[in-house]
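Participant: Sequence and predicted structure below; questions after.
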Amino acid sequence: MIHAQFDPTARQLLAAAAVEAKTRKDLSWQQIADASGLSVAFTTAAVLGQHALPQDAAKAVADLLGLDADAALLLTTVPTRGSIHGAIPTDPTIYRFYEMLQVYGTTLKALVHEEFGDGIISAINFRLDVKKVADPEGGERAVITLDGKYLPTKPF
């Protein structure tokens, strides 16, 4: 049976414990994802409290991190989603995404609606990928792919 959380506190505490275990064991998110059998983006989001893991994946992640059976069970529950609460984010990395949406949000909306019509891009039927690539001008660039299913608005 699928169970849902109504308060994010338990998942936030679990996320803190999981990140501490990840750090102590010197594991990468990719190594944790490899244990789960799922993508690195989905697994990371789940461990950080934004998705539920299937039971086998939750057990594998909990075992790798040295977490108990209660933690594995909690990883299978549907969380109360949302990791940015209320105010403008202060973490510089998260703030830059907020800034990107402040600058390009209306552009993205205009281009999506022109291309697809009235509707949304799903964050449920969704894939995320982050890659590091060389910058031809020197240094590195981040390539972030947000791949969501388009869901048209249906008049009723």
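Facilitator: Here it is on my side, so go on.
Participant: rest of the way, CA atoms for contacts and neighbours
Facilitator: Noted.
Participant: Which elements pack onto the least confident helix or strand in the chain by mean pLDDT?
Facilitator: Ranking every helix and strand in the chain by mean pLDDT, DSSP states H and E puts helix 92-116 at the bottom, with a mean of 91. Using 3 or more CA pairs under 8 Å, 6 or more residues apart in numbering; DSSP states H and E, no helix or strand is in contact with helix 92-116.
Participant: any residues touching it, and which ones?
Facilitator: Ile88, Pro89, Gly119, Tyr150, Pro152 (CA atoms under 8 Å, 6 or more residues apart in numbering).
Participant: out of those, which is most surrounded?
Facilitator: When neighbours are taken as other CA atoms under 10 Å, the top entry among the contacts of helix 92-116 is Tyr150 (17 neighbours).
Participant: Give me the secondary structure label for Arg141.
Facilitator: strand (DSSP: H, G, I helix; E, B strand; the rest coil).
Participant: Next up, the contacts around it.
Facilitator: Contacts for Arg141 were tallied using CA under 8 Å, 6+ apart; they are Lys132, Val133, Ala134, Asp135.
Participant: For the residue positioned nearest the centre of the chain, grab phi and psi.
Facilitator: Compute the mean C-alpha point of the chain, and by CA atoms, centre = their mean the closest residue is Ala45, 3.3 Å away. Main-chain dihedrals, Ala45, degrees, to the nearest 10: phi -60, psi -40.
Participant: Show me the strands in the chain, by range?
Facilitator: Taking DSSP state E to define them, one finds strands in the chain at 119-134, 140-152.
Participant: Need those strands in TSV (columns: mean pLDDT and distance to Thr76).
Facilitator: Putting these into TSV (pLDDT from 0 to 100; distance: least, CA to CA, whole Å) gives the following:
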stretch	mean pLDDT	distance to Thr76
strand 119-134	95	16
strand 140-152	97	23
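Participant: okay, the ones you listed in TSV with distance to Arg96 next?
Facilitator: Below are the strands of the chain laid out as TSV (distance: least, CA to CA, whole Å):
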stretch	distance to Arg96
strand 119-134	15
strand 140-152	13
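Participant: about what we covered before: need the contacts of helix 92-116 in TSV (columns: distance to Ile144).
Facilitator: As requested, the contacts of helix 92-116 are arranged in TSV below (distance: CA to CA, whole Å):
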residue	distance to Ile144
Ile88	22
Pro89	19
Gly119	22
Tyr150	18
Pro152	24
